[in-house]
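>>> What follows is a predicted protein model with its sequence.
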Amino acid sequence: GAWSASRCLRRRWSGHLGQREVGRRMEHLAAVAIFAVLSTEMGALTAALSLPVLTRAASRVRMTVLRAPSVCMMARGSSSHRIAGSIGRADSVVREPRFITTPIYYVNGVPHIGHAYTSLACDVVARFSRLDGHDVLFLTGTDEHGQKVEQSARAAGETPIALADRVSSTFRSLIPLYDLSCDQFIRTTERRHEEAVQALWTALRSSGDIYLGEYEGWYSVRDEAFYTEDELVDGKAPTGAEVDWVAESSYFFRLSRWQERLEAHIREHEDFIQPVSRRNEVLAFMREGLRDLSISRTTFSWGIAVPPDESEADAASPESPKHIMYVWLDALTNYITAVGYPHTDSSSFTKFWPAHLHMVGKDILRFHAIYWPAFLMAAGLPLPRRVFAHGWWMNDGEKMSKSLGNVIDPIALVKKYGTDQVRYFMLNEVAFGSDGDFSDRKLIECVNAKLANELGNLAYRTTSFTYKQCGGQVPAAGTLTAADDLLLAEGDALLPLLRTHIDKLNLHRYPQALSSLTQSANRYIDVQAPWALKKTDPERMRTVLWVLLETLRRIALLSQPLTPSLAVAILEQLAVGEGARDFTQLQAGCELRAGSVLPEPRIAIPRLDLAEEPVEAKAEPTLSGELLAQLEQEVRAQGLRVRELKANGADKDTLDAEVGALLVLKAKLPEGHELKGGKKKSKQTATAARGK
């Protein structure tokens with residue numbers, strides 16, 4: 001099993017080690033693999049790796065057993081299957097389908113950055129899952145019923161459906177702008193949804209969980225939510241919304257009946273509500289006791305009518321009020337509408353329900369973590385596997401609001417900075433699940449540092465040098481060194497690492513892991529210096545370039561869920577066709593082929609110009625101490641590279657490219673910085689400084 005699992009390392013070692021040494025290393029790796037399967041302790045695995053190459057790789061990627069589907073053969077049982085699944089992908093592994101949902105967005109207002117953030121997070125999970133072999137159904141849409149929509153339409157002088165059509169189209173426009181890979185866009189005004197909601201109501205009534213009563217209490221039209229007296233803050237809802245006292249006939253759902261069972265489910269399934277802080281909030285709320293929930297209204301008409309119940313004496317009476325379903329019961333049902341409910345034996349329902357993930361903002365967690373699972377339990381339907389509530393975005397430290405005029409338009413944002421640039425920043429900037437702070441300056445600095453400088457510069461330097469020195473073709477690799485093995489091993493280990501981040505929804509760690517490998521590749525090119533090898537060791541130069549190109553291929557393949565267009569641009573520069581871009585291409589034997597023709601290099605990731613930002617133009621651009629120190633290091637390293645090229649007699653094209661890169665870095669330095677040439681020391685000052 002270990003021999004099969006480590007075929008990648010064996011191939012690399014065989015090129016420069018004797019047969020006995022290769023055998024010794026393989027025996028060592030076999031023992032380590034058995035230990036890993038039996039213990040499932042990655043920390044112990046790292047400690048067990050004593051060989052120099054393996055130990056260094058393990059310290060960087062936490063594990064060096066890269067692809068081990070056949071290791072399962074050595075230790076039967078559940079633990080072996082977990083290890084195999086976490087280390088790599090076997091072609092024979094059947095991936096479960098994944099149904100991934102955003103909340104449906106309320107049409108009472110236009111899209112804001114929070115809507116884009118939720119959809120983007122779901123899109124990253126959906127894209128990754130597809131590339132990793134899962135069948136995926138990615139759902140989004142709009143919530144179009146309720147008293148608030150009816151009032152807004154009246155104020156605008158239009159019908160509710162006209163308002164819904166108009167605003168829903170603005171949410172749909174986010175899909176191409178943010179390059180979202182949605183499979184369905186659902187609207188609660190669709191006929192199929194009305195049928196599903198009424199079928200769910202009938203199921204809840206049949207289970208004895210709906211009864212008719214009178215409701216008196218506080219209701220927020222803005223939140224479309226009921227609040228108790230204890231929940232009000234200074235006479236308003238906890239969200240700050242105005243509340244009205246409502247007294248009307250209402251149907252109730254026996255929410256209290258399901259408290260014990262729901263609480264048990266939450267405690268038994270630790271992943272059901274995430275992050276942990278949100279799970280604790282839900283449990284704390286439930287400790288106060290769940291009250292039966294009013295699920296119909298009679299004071300407005302824009303919504304789905306409650307289906308008649310012939311058993312009720314006043315059901316057919318013309319004097320009885322017409323009940324409209326509570327907007328949240330209506331809206332939440334969209335998740336099962338999309339997979340074919342009430343046809344629970346349909347192929348779509350049996351394949352995709354229960355949902356793999358409901359992604360929501362923290363402000364609507366209660367509806368998804370308490371009301372929705374209680375409805376499903378009462379109807380005899382399986383619960384979703386996970387509900388994840390992410391945080392809010394603020395603008396320069398202030399909560400966004402229309403009154404402050406600081407609401408960020410997600411459409412203008414993408415048109416200004418670019419789709420993938422915004423996607424990268426939003427996932428990289430904040431620990432996923434926590435609140436984040438948006439500023440134009442942060443976005444520009446992040447994109448320039450991580451995408452343009454770190455990845456874009458590496459890609460252009462590597463492809464342009466290869467194109468010129470290797471006749472526009474992928475070079476053939478010679479004997480691999482320990483340094484080559486180390487970088488390639490880190491690239492091999494990236495997929496299982498990212499799979500873990502996706503599964504745990506540590507989405508902010510996704511760009512961080514990609515950046516870590518990119519930084520390793522930048523250090524590698526600086527140390528190996530292929531421009532110097534051009535004259536001294538051309539064969540070694542070609543090997544170094546192949547290692548760099550192959551590492552870029554891996555980075556680009558795994559960047560597709562996060563920055564799909566930029567990733568494709570790099571893959572095209574590497575001549576990787578559309579049919580070779582899923583994650584099966586990360587297996588051994590799928591590496592870049594020597595002799596493949598490369599296109600003419602171009603800059604795939606342009607820099608953003610901070611000087612053109614009107615909002616920030618009032619102040620001189622300043623860099624934080626950490627960012628400035630990093631930039632100074634990059635300038636010095638690039639300057640050293642230019643001096644080495646000059647000393648080694650590099651050709652004009654190569655030298656011009658590197659000098660240009662140096663000038664781009666220097667342009668980012670503050671005015672007057674000594675590395676920029678603004679404060680040149682006199683000869684006497686410099687001599688005095690050296691004397692000190």
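Sure thing, it's come through.
>>> From here on, just use CA atoms for contacts and neighbour counts.
Fine.
>>> looking at the protein, which helix or strand is least sure?
helix 78-87 (a mean of 31; mean pLDDT, DSSP states H and E).
>>> Show me how far the helix or strand following it is from its chain's centre.
Scanning forward in sequence from helix 78-87 by DSSP states H and E, the next helix or strand is strand 98-101. On the basis of C-alpha atoms, centre = their mean, to the nearest Å, strand 98-101 sits 14 Å off its chain's mean C-alpha point.
>>> Strand partners (parallel or antiparallel) of strand 98-101?
Here strand 98-101 has these sheet partners by DSSP bridges: strand 136-143 (parallel), strand 357-361 (parallel).
>>> ok, residue 110 touching residue 166?
No. If you go by C-alpha atoms under 8 Å, residue 110 and residue 166 don't touch, sitting 9.9 Å apart.
>>> Comparing the two, which residue is more hemmed in?
Taking other C-alpha atoms under 10 Å, residue 110 and residue 166 do not tie; residue 110 has more neighbours (16 against 13).
>>> what sits against that one?
167, 170, 171 (C-alpha atoms under 8 Å, 6 or more residues apart in numbering).
>>> In terms of helices and strands, where is the last one?
Secondary structure here is read from DSSP H and E; on that basis residue 171 sits in helix 160-172.
>>> for the very next helix or strand once past that helix, packing partners?
Beyond helix 160-172 on the C-terminal side, the first helix or strand identified by DSSP H and E is helix 174-177. When contacts are defined as 3 or more C-alpha pairs under 8 Å, 6 or more residues apart in numbering; DSSP states H and E, helix 174-177 packs onto helix 410-417.
>>> could you give the mean pLDDT of the very next helix or strand once past the helix it packs on?
Note on helix 410-417: by DSSP H and E, the next helix or strand toward the C-terminus is helix 419-428. Mean per-residue pLDDT for helix 419-428: 97.
>>> tell me the angle helix 419-428 makes with helix 410-417.
Using axes from the mean of the first three to the mean of the last three C-alpha atoms, to 10 degrees, the inter-axis angle of helix 419-428 relative to helix 410-417 is 110 degrees.
>>> Give me the helices and strands touching helix 419-428, please.
Packing partners of helix 419-428 (3+ C-alpha pairs under 8 Å, 6+ apart): helix 113-131, helix 440-446, helix 509-528, helix 564-573.
>>> got the contact list for the longest one?
Contact with helix 509-528 is made by 424, 427-428, 431, 450, 454-455, 458, 483, 487, 490-491, 494, 497-498, 501-502, 544, 548, 551, 555, 558-559, 562, 641, as judged by C-alpha under 8 Å, 6+ apart.
>>> Average pLDDT for that helix, rounded please.
Helix 509-528 comes out at a mean pLDDT of 97.
>>> Now that helix: buried residues?
Within helix 509-528, the residues scored as buried using 16 or more other C-alpha atoms under 10 Å are 509-515, 517-522, 524-525, 528.
>>> swap in the shortest one?
In terms of neighbour count (16+ other C-alpha under 10 Å), helix 440-446 has its buried residues at 440, 441, 443, 444, 445, 446.
>>> For those residues, work out which two are farthest apart.
440 and 446 (9.9 Å; C-alpha to C-alpha).
>>> Okay, helices next: where are they in the stretch 451-600 of the chain?
Using DSSP state H, counting those that start in this stretch, the helices assigned to the stretch 451-600 of the chain run over residues 457-469, 482-492, 494-503, 509-528, 530-536, 538-559, 564-573.
>>> and the second one, what other elements does it pack with?
Helices and strands touching helix 482-492, by 3+ C-alpha pairs under 8 Å, 6+ apart, are helix 52-61, helix 509-528, helix 538-559.
>>> can you give me the mean pLDDT across it?
97.
>>> which ones are touching residue 420?
Residue 420 touches 178, 562, 563, 564, 565, 566, counting by C-alpha under 8 Å, 6+ apart.
>>> per-residue confidence at the fifth one?
Per-residue confidence (pLDDT) for residue 565: 97.
>>> Next up, the contacts around the closest residue to residue 581 other than its chain neighbours.
Leaving aside its sequence neighbours, residue 581 sits nearest to residue 557 (C-alpha to C-alpha, 6 or more residues apart in numbering; 6.1 Å). The contact partners of residue 557, taken as C-alpha under 8 Å, 6+ apart, are 567, 571, 581, 582, 583.
>>> Just the pLDDT for the third one.
Residue 581 is assigned a predicted lDDT (pLDDT) of 97.
>>> That one and residue 231: what is the separation?
Residue 581 sits at a distance of 52 Å from residue 231 (criterion: C-alpha to C-alpha, to the nearest Å).
>>> Would you mind telling me which of the two has more residues around it?
Just comparing residue 581 and residue 231: by other C-alpha under 10 Å the higher neighbour count belongs to residue 581, 19 against 13.
>>> just to revisit the earlier point, of the helices and strands packed on helix 419-428, give the one that comes closest to residue 305.
Closest among the helices and strands packed on helix 419-428, using C-alpha to C-alpha: helix 113-131, at 28.4 Å.
>>> The stretch 201-350 of the chain: strands as residue ranges?
Assigned by DSSP state E, counting those that start in this stretch, the strands in the stretch 201-350 of the chain fall at 210-220, 225-227, 244-253, 273-274, 293-294, 296-297, 324-325.
>>> looking at those, which has the lowest confidence?
Comparing mean pLDDT across the strands of the stretch 201-350 of the chain, the weakest is strand 225-227, with a mean of 74.
>>> Tell me which other helices or strands it touches.
Strand 225-227 sits against strand 210-220, with contacts defined as 3+ C-alpha pairs under 8 Å, 6+ apart.
>>> Just put the helices of the stretch 451-600 of the chain in CSV and tack on distance to residue 599.
Formatted as CSV, the helices of the stretch 451-600 of the chain follow (distance: least, C-alpha to C-alpha, whole Å):
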stretch, distance to residue 599
helix 457-469, 8
helix 482-492, 24
helix 494-503, 27
helix 509-528, 21
helix 530-536, 20
helix 538-559, 13
helix 564-573, 6
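>>> just so I know, which of the ones you listed lies nearest residue 139?
Nearest to residue 139 among these is helix 494-503 (17.9 Å), distances taken as C-alpha to C-alpha.
>>> picking that back up, and of the helices of the stretch 451-600 of the chain, who's closest to residue 360?
Proximity to residue 360 (C-alpha to C-alpha) singles out helix 494-503 among the helices of the stretch 451-600 of the chain, at 16.3 Å.
>>> and that closest one, what other elements does it pack with?
helix 78-87, helix 509-528.
>>> So for it, what gets flagged as buried?
Those buried within helix 494-503 under the rule 16+ other C-alpha under 10 Å are 494, 495, 496, 497, 498, 499, 500, 501, 502.
>>> again with stretch 525-538
Using 16+ other C-alpha under 10 Å as the test for burial, stretch 525-538 gives 525, 528, 529, 530, 531, 532, 533, 534, 538.
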